[in-house]
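[1] Next comes the sequence, and after it the predicted model I'd like to discuss.
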Amino acid sequence: MSSVLTSNRRPADLTAMALLLRGLHLDGLLLAGIGAIMVVGLLALYSAVGESGTLVFRQAVRLAAALLAMLMVAQIPPAWYRRAAPWIYLVGLALLVMVLLTGDVGKGARRWLDIGLRFQPSEIMKLGLPLMIAWLLHERPLPPSFGMIVASLLLILIPVALIALQPDLGTAILLTMTGAAAIFLAGIGARYIFGAISLALISLPVLWYWVMHDYQKQRVLTLINPDSDPLGAGYHIIQSKIAIGSGGLFGKGWLNGSQGQLEFLPERSTDFIFAVIGEEFGLLGALSVLLIYLLILFRGLVIAATAQDTFSRILAGTISLTFFFYVFVNSAMVTGLIPVVGVPLPLVSAGGTSMVTLLAGFGILMSIQTHRKLLAR
C-alpha cells in the first residue's frame, strides 16, 4: 500500500514549469524545439520581406493561432481520436471533392475552399490519412496481412488521386509518403517493401507520360540542367544556389543577404526561405536549423516508441516522419537535390492552414505522451 501511495505523490524535484506543462498536457522538449524553430522563422521572414513588418505580424498571429490549436488538441485523449478517425477521414474526402467542384482557382490550380475562411482541404487529409490507417490497423494482428495492406493502399489512393487532380503533385507525393510511413510502421515484411519499390520504379513512365503536366515535367528537366533556361524555369534554383553559396560558413549577417534583400531570390518568404537562412547565417546556421528539426523528429519518434497501444504508436510515428518528409523535401529542393515542388519549410515559411495542421499534429503527439496510463508492473 505504501508503495502505491508513494507512486502517486509528486516528485519533490518537479519544478513549477514542469507541473504547468503536465497540467496543460504539453511535452516540454517538443515545445522547446517548436519554439526555437518559430523564432528562427520570424527572424528569417523579417529579413525576407524587408522593411515591411505586416507579413511578419500576420505570421506571428498565425503562429499564435496554431499554438492555441495545438494546446486544444493536446487536451483530448488519444482514445477520442481513435473513435473519430473514420469521420475525420470522410470529412476530408468530402472537402476534397468540393474543391474539384466549386473550389477557388489560383495560379492555375484549384486547391482552395472559401466558406468565409479560405483554406486548403488537403491539409486536413495530412492528419486524416494517418488517423485512418492507424485506426484500421489497431487491434489487428501485426504485421498486417496482405488484405489489410491492400485496404490501406486504397485509403491512400483515393485522397492522393483527388489532390493530384487539383493539380497538386507535391502534396500528393507527400501524402503518399505519409501513408507509406504508416504502413511501414505497422511492420510489413521485406518482400512488400521491395515490391513497393519495384512498382514505383515501373510506374515512373506512366507518371511521366500520363499524369504529370508540362510545367511539372519542366521542373524535372530544369533540375538536370537549370542553365538551359536561366531566366525562366531555372531562375528559382539558380538564385537559391547563389544565395546559399554566397553565405559561406558563417553567413553575411542578419538583414545583410544580397540575394534576399535585393529581391533576386523568388518566393523568399515561402518556399525558398531556407535560402535566406543559408545566405545570412551561413552553413553553420543552416545546419543548426536542421539540427533543431532533427531533435524535434527524435522526440516525436521517442514518443511513438513508448506509446502504449498500436493506434498511438503508428499515429505518432507517422506524424513525426511526415514532419521529417517536409523538412527534407524543402531543404533538398532549395539546394537543388530534387525538383521544385512547392513545399513550405515547416514553421518557418509564411503560411496559414499548413501551420495549423502541423501544430495540431504535434498536439496529438503531446496528447499521446501526456495521457499515458500508469501500467502495473
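    Thanks, I have the structure now. All of these numbers come straight from a predicted model, not from anything done at the bench.
[2] what's near enough to touch the most centrally placed residue in the chain?
    The centre of the chain sits closest to Phe323, judged by Cα atoms, centre = their mean, with a distance of 3.7 Å. Neighbouring residues of Phe323 by Cβ atoms under 8 Å, 6 or more residues apart in numbering: Tyr293, Ile296, Leu297, Gly300, Pro346, Leu358, Gly361. Quick note: C-beta positions are derived from backbone N, CA and C, even for glycine.
[3] for Pro78, same thing?
    Asp309, Phe311, Ser312, Leu315, Ile364, Ser367, Ile368, His371.
[4] For the contacts of Phe323, give me TSV that also has distance to Met72, pLDDT and secondary structure.
    Listed next are those as TSV, based on distance: Cβ to Cβ, whole Å; pLDDT from 0 to 100; DSSP: H, G, I helix; E, B strand; the rest coil:
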residue	distance to Met72	pLDDT	secondary structure
Tyr293	24	96	helix
Ile296	20	96	helix
Leu297	24	96	helix
Gly300	19	96	helix
Pro346	20	92	coil
Leu358	15	92	helix
Gly361	13	95	helix
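[5] any idea how far Leu165 is from the residue nearest to the centre of the chain?
    Per Cβ to Cβ, to the nearest Å, Phe323 is found 26 Å from Leu165.
[6] Repeat that for Val220.
    20 Å.
[7] and what of Ala243?
    On the measure of Cβ to Cβ, Ala243 and Leu165 end up 34 Å apart.
[8] cool, Pro230 as well?
    From Pro230 to Leu165 the distance is 32 Å (Cβ to Cβ).
[9] on that earlier part again, list the buried residues of the host helix or strand of the residue nearest to the centre of the chain.
    In this structure, Phe323 is located in helix 310-334 according to DSSP states H and E. For helix 310-334, a neighbour-count test (16 or more other Cβ atoms under 10 Å) marks 310-331, 333-334 as buried.
[10] ok, which stretches of this protein are strands?
    104-106, 109-114, 118-119 (DSSP state E).
[11] And for Leu283, nearest residue in space, chain neighbours not counted?
    Leu249 (5.1 Å; Cβ to Cβ, 6 or more residues apart in numbering).
[12] repeat for Ile37
    Closest residue in space to Ile37, ignoring its immediate chain neighbours: Leu347 at 4.5 Å, by Cβ to Cβ, 6+ apart.
[13] For burial, what's the neighbour tally of the one you found?
    29 (other Cβ atoms under 10 Å).
[14] distance of it from Leu127?
    From Leu347 to Leu127 the distance is 16 Å (Cβ to Cβ).
[15] same thing with Gly300?
    The value you get for Gly300 to Leu127, if Cβ to Cβ is used, is 14 Å.
[16] ok, these two, which is more surrounded?
    More neighbours surround Gly300 than the other of Gly300 and Leu127, with 29 against 25 (other Cβ under 10 Å).
[17] correct me, but the more buried one touches Thr322?
    No - contact criterion Cβ atoms under 8 Å: Gly300 and Thr322 do not qualify, at 9.7 Å.
[18] among the strands of the chain, which gets the worst mean confidence?
    The weakest mean pLDDT among these belongs to strand 104-106, with a mean of 75.
[19] out of the contacts of Phe323, who's nearest Gly103?
    Set against Gly103, the nearest of the contacts of Phe323 by Cβ to Cβ is Leu358 (21.8 Å).
[20] quick one: contacts for the closest one?
    The neighbourhood of Leu358, defined by Cβ under 8 Å, 6+ apart, consists of Ala66, Phe323, Tyr326, Pro346, Leu347.
[21] again with Gly103
    Arg110, Arg111, Trp112, Leu113, Gln166.
[22] Swap in 10 Å and give it another go.
    Residues in contact with Gly103, defined by Cβ atoms under 10 Å, 6 or more residues apart in numbering, are Leu95, Leu96, Val97, Ala109, Arg110, Arg111, Trp112, Leu113, Asp114, Gln120, Pro121, Gln166.
[23] Pull the number of nearby residues for the residue lying closest to Trp208 once chain neighbours are set aside.
    Excluding the flanking residues, the one nearest Trp208 by Cβ to Cβ, 6+ apart is Lys217, at 6.9 Å. The local packing of Lys217 (other Cβ under 10 Å) involves 13 other residues.
[24] so Lys217 touches Trp210, yeah?
    No - when contacts are counted by Cβ atoms under 10 Å, Lys217 is not listed as touching Trp210 (11.6 Å).
[25] returning to what we had before: report the contact partners of the residue nearest to Leu283.
    Leu249 touches Gly282, Leu283, Leu284, Gly285, counting by Cβ under 10 Å, 6+ apart.
[26] Out of the residues you listed, give me the two with the largest separation.
    Leu283 and Gly285 (7.3 Å).
[27] okay, these two: which has more neighbours?
    Gly285 (20 against 15).
[28] Give me the residue ranges of the stretch 1-150 of the chain where confidence is low.
    Counting by pLDDT under 70, the ranges of the stretch 1-150 of the chain that qualify are 1-14, 51-52, 107-108.
[29] try 80
    1-14, 50-53, 103-109, 114-118 (pLDDT under 80).
[30] tally of neighbours for the closest residue to Phe250 other than its chain neighbours?
    Using Cβ to Cβ, 6+ apart and skipping the chain neighbours, the partner closest in space to Phe250 is Gly282 (4.4 Å). Using other Cβ under 10 Å, Gly282 has 20 neighbouring residues.
[31] same question, Phe119
    Neighbour tally, Phe119, other Cβ under 10 Å: 18.
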